[in-house]
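K.L.:
Predicted coordinates and the sequence they were generated for:
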Amino acid sequence: MRVIIAFLFVCICSSVAMAQATDVSKLMKKTPLDIPDISLVGTIEGNTGRAVRLSEVELSIQSYLYPSVRADVFLSIARDNVGAFGIGVEEAYITATNYYDSFGVKLGTKKIEFGKINGLHPEQWGFASRPAVLGTFLGSDGLVGEGAAVDYLFSVPFFLQAQFGSWQVPVSDEPGLFSGAFYSARLASSWDFGSNSELSSAVSAVFDKETSIYGLDVTYVSYPESATRFKFQNELLYLISHDLKRWGGYSYVAYRLDAHWEAGLRFDVSDSLDGENERSKSLTAVVSHSLTETSKLRLETGYDLDNKFSETSVQFIFGVGPHSHAVQ
């Protein structure tokens, strides 16, 4: 696997160098003394069972290595189960675009682009909590792998892109989750309806010799006015692992009232991965207030429809720097 990744990286660098006849120094507009773009995203949160406190700081270091080759590194300083801070690599990868025209390549440690939000950072979601099915099927921190992925953009009148990836994760004995080598595939498309609405959808799969997870996501977004937005986001997952056959999904509807306020409601349903096959159902209401494009205050209340239990949480996200993520 390491030999394959190293070979792909050498091929990318050599082919890009041959394809770019333009003066590199002019295209990059950088000198050897220039530093990369450095940004920070912090998350302060708490709920009815936990005090409000800083939970995570994400540090991003991003720069172009070449006009069509970019490096992105995201370091996470987060609390563990006992409340102590630890530092780790959330993502660190290289992206090469315009590789043989319609191809693109990603190499490194990457959030797998499965479904609608697994490939995103939590501060980019429209809600504070992870949907139950994603936590159950893909892990509490989402599915992250080390390896490579190849993208291909089809030359058609609408957006249509395919991706295939080969990845590694640490060996685990946890049932239903991946261990060692696994693969990913995704076919995504989107269509514009006039100038103010869009429908996007994708089919995704992650699989190894023992476990396969298939996903379908469909999202409709419209902008009735310049500052308002309606969003209807859906994901459905199906898991097969040995004798286990489980499914789950969520639907999220949200309306942005103006440039600062948005309200949303999410319905979750998810099978468990144990032999009892318990099924959970919940409703989550979200109210968000945006201070800037990268800073947002959220109030969220989740209600367990099976156990008749509710929990309210508050979350404040703040972004500093040129490339901090735009929160949704």
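P.N.:
Happy to help now that I have it. Residues are numbered from 1 along each chain as shown.
K.L.:
now for whichever helix or strand Ser201 is part of, which elements pack on it?
P.N.:
Here Ser201 sits within strand 197-207, counting by DSSP states H and E. Helices and strands touching strand 197-207, as assessed by 3 or more C-beta pairs under 8 Å, 6 or more residues apart in numbering; DSSP states H and E, comprise strand 180-192, strand 211-222. The C-beta positions use only the backbone N, C-alpha and C, and glycine is treated the same way.
K.L.:
Low-confidence bits of this protein, can you list those?
P.N.:
Counting by pLDDT under 70, the low-confidence segments of the chain come to 1-34, 99, 172-176, 323-328.
K.L.:
Tell me which stretches of it form helices.
P.N.:
Ranges of helices in the chain, per DSSP state H, are 2-19, 24-28, 132-138.
K.L.:
buried set for the strand holding Ser201?
P.N.:
For strand 197-207, a neighbour-count test (16 or more other C-beta atoms under 10 Å) marks 200-202, 204-206 as buried.
K.L.:
in the sheet, who's paired with Ser280?
P.N.:
Beta-bridge partners recorded for Ser280 (DSSP bridges): Ser270.
K.L.:
Pull the distance from the longest strand along the chain to the chain's centre.
P.N.:
Ranked by residue count and defined by DSSP state E, the top strand of the chain is strand 50-66. For strand 50-66, the distance from its own C-alpha centre to the chain's C-alpha centre is 14 Å (C-alpha atoms, centre = their mean, to the nearest Å).
K.L.:
Using PDB, write out every CA atom in that strand.
P.N.:
The C-alpha trace of strand 50-66 is given here as PDB (Å, rounded to 0.1, in the frame of the first residue of the first chain):
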ATOM      1  CA  ARG A  50     -22.100  18.900  31.200                       C
ATOM      2  CA  ALA A  51     -20.800  22.400  31.900                       C
ATOM      3  CA  VAL A  52     -20.200  24.800  29.000                       C
ATOM      4  CA  ARG A  53     -16.500  24.600  28.100                       C
ATOM      5  CA  LEU A  54     -14.000  24.700  25.300                       C
ATOM      6  CA  SER A  55     -14.200  21.200  23.700                       C
ATOM      7  CA  GLU A  56     -11.900  21.500  20.600                       C
ATOM      8  CA  VAL A  57      -9.600  23.800  18.800                       C
ATOM      9  CA  GLU A  58      -8.800  23.000  15.200                       C
ATOM     10  CA  LEU A  59      -5.600  24.400  13.600                       C
ATOM     11  CA  SER A  60      -5.400  24.400   9.800                       C
ATOM     12  CA  ILE A  61      -2.200  24.900   7.800                       C
ATOM     13  CA  GLN A  62      -2.800  25.200   4.100                       C
ATOM     14  CA  SER A  63      -0.700  26.200   1.100                       C
ATOM     15  CA  TYR A  64      -0.200  25.500  -2.600                       C
ATOM     16  CA  LEU A  65       2.900  23.500  -3.300                       C
ATOM     17  CA  TYR A  66       2.400  24.100  -7.000                       C
END
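K.L.:
elements contacting that strand?
P.N.:
Applying 3+ C-beta pairs under 8 Å, 6+ apart, one finds that strand 50-66 makes contact with helix 2-19, helix 24-28, strand 37-47, strand 69-79.
K.L.:
Can you tell me the strand partners of it and which way each runs?
P.N.:
By DSSP bridges, strand 50-66 pairs with strand 37-47 (antiparallel), strand 69-79 (antiparallel).
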